[in-house]
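# Predicted model follows, preceded by the sequence.
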Amino acid sequence: MYSLLFIEDDDSIRLALRLALEDEGYEVREAPDARSGLAAFAEREPDLVLLDLRLPDLSGFEVCRAIRAKSIVPIIIVTAQTDTHDLVVGLEAGADDYVTKPVVPKELAARIRAQLRRVQLHETPTSEPVSRRYGDIEVRHEQGIVLKAGEELGLTKTEFRLMCEFSDHAGAVLSRDQLLERVWGYEYLGDSRLVDAHVRRLRVKIEDQPDEPKLLVTVRGLGYRLLG
């Protein structure tokens, strides 16, 4: 049984979603604020975190960064915020996905399944070693790591999957819709902001000058391309 940690200050939302997710077969632990959420995470790392952005003590952004500093567990933001800036900041703080309130339980469950499915695929060894180089970047598919000038980069699982997708199609343009389907597993539920925010995070880690990328470039109106 997969375990989820739900950090949310609204009691009614926590109760409703916990009951819905338990019906889906998940074990759900709850935390009403950031500090108790981080304590629960430290006590036992869950398989996935559901995180509200507006908490009474610390912001969800701070919680996300704190978790990301020590874990690559999938994080889904659950928020009433529809402002693009806040959503992008949350994603760039290390979240893998988001849903906005009022949350549709079936949609949330679908996103959770997609995240956990992709984690499971990521942890399944490939039949033969695959390693590819792009300048000083090396992608080691079978080990689940990316190196820059010989040093391992601290990528989240989503960032690693994104890098592998570009590596598998080096030189080809991949659209946002293609990346949503292949990396997140979403055909209809996704949002292009997910892709753009994660590409920005990935560039910070693999590019010498992220604002002037030379490796992972934008093809205006089409998508992104990894130059092989």
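Received it, and whenever you're ready, just let me know what you need.
# Name the residue closest to the centre of the chain, please.
In the chain, the centroid-proximal residue (Cα atoms, centre = their mean) is D96; its distance is 1.9 Å.
# Relative to the whole chain's centre, how far out is the longest helix along the chain?
In the chain, assigned by DSSP state H, the helix with the most residues is helix 105-123. Distance, stretch centre to chain centre, for helix 105-123: 11 Å (Cα atoms, centre = their mean, to the nearest Å).
# Could you do stretch 213-224 as well?
Distance, stretch centre to chain centre, for stretch 213-224: 20 Å (Cα atoms, centre = their mean).
# With only the CA atoms kept, save that stretch in PDB.
Only the C-alpha atoms of stretch 213-224 are listed here, as PDB (Å, rounded to 0.1, in the frame of the first residue of the first chain):
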ATOM      1  CA  PRO A 213      20.900  27.800 -23.000                       C
ATOM      2  CA  LYS A 214      23.200  26.100 -25.400                       C
ATOM      3  CA  LEU A 215      22.200  22.500 -24.800                       C
ATOM      4  CA  LEU A 216      18.400  22.500 -24.100                       C
ATOM      5  CA  VAL A 217      17.000  25.100 -26.400                       C
ATOM      6  CA  THR A 218      13.500  26.500 -27.100                       C
ATOM      7  CA  VAL A 219      12.100  26.100 -30.600                       C
ATOM      8  CA  ARG A 220       9.600  28.900 -30.700                       C
ATOM      9  CA  GLY A 221       6.000  27.800 -31.200                       C
ATOM     10  CA  LEU A 222       7.000  24.100 -31.200                       C
ATOM     11  CA  GLY A 223       8.600  23.000 -28.000                       C
ATOM     12  CA  TYR A 224      12.100  22.100 -26.900                       C
END
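# Contacts made by it with the rest, please.
If you take Cβ atoms under 8 Å, 6 or more residues apart in numbering as the criterion, stretch 213-224 is touched by 134-135, 137, 166, 173-176, 178-179, 195, 199, 202-203, 206-208, 225-227. Where you see a C-beta, it was placed from the backbone N, CA and C, and this is true even at glycine.
# List the buried residues of that stretch.
P213, L215, L216, G223, Y224 (16 or more other Cβ atoms under 10 Å).
# Repeat that for stretch 176-185.
Buried residues in stretch 176-185 (16+ other Cβ under 10 Å): R176, Q178, L179, L180, R182, V183, W184, G185.
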